[in-house]
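Colleague: Structural data only, the sequence is not supplied:
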């Protein structure tokens with residue numbers, strides 16, 4: 001087998017693996033959607049039949065411009081958008097600093113075989 005044929009075969013194997021991973025991710029996402037959709041439908045049907053006024057399994061209320069109330073498994077959770085934005089910006093800054101340090105140390109980390 002020539003070098004070109006081996007390279008093509010390796011590329012085909014890599015593409016096949018990527019396709020399998022994408023397929024599995026799509027299947028997992030679809031299963032999660034079915035799970036949450038089913039739970040939501042059963043919750044709605046039970047509430048309708050028994051006329052319950054308890055917190056929903058999944059739900060959302062916007063209290064103000066930056067504060068949201070989420071219902072997750074019957075529990076109320078208050079979420080502030082500003083805190084989330086601050087946390088995301090902190091994580092982004094940390095990642096940027098890490099990547100900058102990594103690029104500076106790239107020559108030390110990469111070993112060339114000669």
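Modeller: Received, thanks. Source: prediction; values computed, not measured.
Colleague: Pull the residues that contact the helix or strand bottoming out on mean pLDDT in the chain.
Modeller: Comparing helices and strands within the chain by mean pLDDT, DSSP states H and E singles out helix 106-109 as the least confident, with a mean of 70. Defining contact as CB atoms under 8 Å, 6 or more residues apart in numbering, one finds that helix 106-109 is touched by residue 102. Heads up, the C-betas are built off the backbone N, CA and C, glycines and all.
Colleague: From residue 58, how far out is the residue most central in space within the chain?
Modeller: Among the residues of the chain, the one closest to the centroid is residue 29, at 10.0 Å (CA atoms, centre = their mean). Summarising the geometry, the distance separating residue 29 from residue 58, computed by CB to CB, to the nearest Å, is 17 Å.
Colleague: What of residue 93?
Modeller: With distances defined as CB to CB, the gap from residue 93 to residue 58 amounts to 32 Å.
Colleague: Between those two, which has more neighbouring residues?
Modeller: Relative neighbour count places residue 58 above the other of residue 93 and residue 58, with 15 against 10, counting by other CB atoms under 10 Å.
Colleague: Show me what the more buried one bridges to in the sheet.
Modeller: Beta-bridge partners of residue 58, counted by DSSP bridges, are residue 72.
Colleague: same question, the one 4 residues further on
Modeller: In this entry, residue 62 is beta-bridged to residue 68, by DSSP bridges.
Colleague: ok, how many other residues are close to it?
Modeller: Count around residue 62 with other CB under 10 Å applied: 9.
Colleague: Do I have it right that it meets residue 70?
Modeller: No: with contacts counted by CB atoms under 8 Å, residue 62 stays clear of residue 70, the gap being 10.3 Å.
Colleague: what sits up against stretch 10-22?
Modeller: For stretch 10-22, there are no surrounding residues in contact (CB under 8 Å, 6+ apart).
Colleague: next one: stretch 53-60
Modeller: Counting by CB under 8 Å, 6+ apart, the neighbours of stretch 53-60 from elsewhere in the structure are 36, 39-40, 43, 47, 68-76.
Colleague: Now do the end-to-end distance for it.
Modeller: Looking at stretch 53-60, the gap from its leading to its trailing residue is 15 Å under the measure CA to CA, to the nearest Å.
Colleague: Right, I'll leave it there.
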